[in-house]
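A.B. asks: I'd like to go over a predicted model; first the sequence, then the structure.
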Amino acid sequence: MQYLMMLYADEVAGAKVPPEQMQKVMAAYGAVTEEMKEKKVYVGGNRLRPTSTATTVQVRDGKTLTTDGPFAETREQLGGYYLLDCKNLDEAIEYAAKIPGASHGTIEIRPVWCM
């Protein structure tokens with residue numbers, strides 16, 4: 001079953017991380033991604049640009065409305081995702097716990113409803 005792992009963190013705090021520390025963080029992400037690929041559970045994933053680059057789209061009464069930025073105000077923002085193909089939720093949780101962002105943010109796991 002495929003699971004989407006959504007990585008949430010405080011992007012303002014993340015922007016203040018010193019470059020040398022950010023290199024270590026990115027190396028940790030690279031290592032967990034390589035493990036996922038080696039174990040053949042990795043389907044895809046990407047880091048997202050900051051919420052300041054987001055556009056929200058709604059259709060109301062037949063009219064398309066766009067707004068700059070995210071729709072919801074939250075303490076943590078969606079910063080990236082992994083799409084994994086795991087045997088079950090327990091295996092998905094094991095991988096989510098290895099994602100570096102789990103130590104300072106939140107990893108939301110959601111099963112994919114394949115259409």
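C.D. replies: Yes, it's here.
A.B. asks: And the strands in this structure?
C.D. replies: Taking DSSP state E to define them, one finds strands in the chain at 2-9, 42-47, 55-60, 63-68, 77-85, 106-111.
A.B. asks: Look up the closest residue to D10, ignoring the ones flanking it.
C.D. replies: Spatially, and ignoring its direct neighbours in sequence, D10 is nearest to E76 (5.7 Å; C-beta to C-beta, 6 or more residues apart in numbering). All C-beta atoms are positioned from the backbone trio N, CA, C, and that covers glycine.
A.B. asks: Quick check: phi and psi on the one you found?
C.D. replies: Per-residue torsions, E76: phi -120, psi 150 (degrees, to the nearest 10).
A.B. asks: list the contacts for it?
C.D. replies: Contact partners of E76, counting by C-beta atoms under 8 Å, 6 or more residues apart in numbering, are Y8, A9, D10, G105, T106.
A.B. asks: how about the residues you listed, which pair is most distant?
C.D. replies: Of all pairs drawn from the contacts of E76, the one with the largest separation by C-beta to C-beta is D10 and T106; the distance is 10.2 Å.
A.B. asks: Report the rounded mean pLDDT for stretch 52-67.
C.D. replies: For stretch 52-67, the per-residue pLDDT values average out at 92.
A.B. asks: Ends of that stretch, what's the gap?
C.D. replies: The separation between the terminal residues of stretch 52-67, taken as C-alpha to C-alpha, to the nearest Å, is 11 Å.
A.B. asks: who's in contact with the longest helix seen in the chain?
C.D. replies: Longest helix in the chain by number of residues, with DSSP state H as the criterion: helix 19-38. With contact meaning C-beta under 8 Å, 6+ apart, helix 19-38 is reached by V17, Y42, G45, Y82, L84, Y95, K98, I99, P100.
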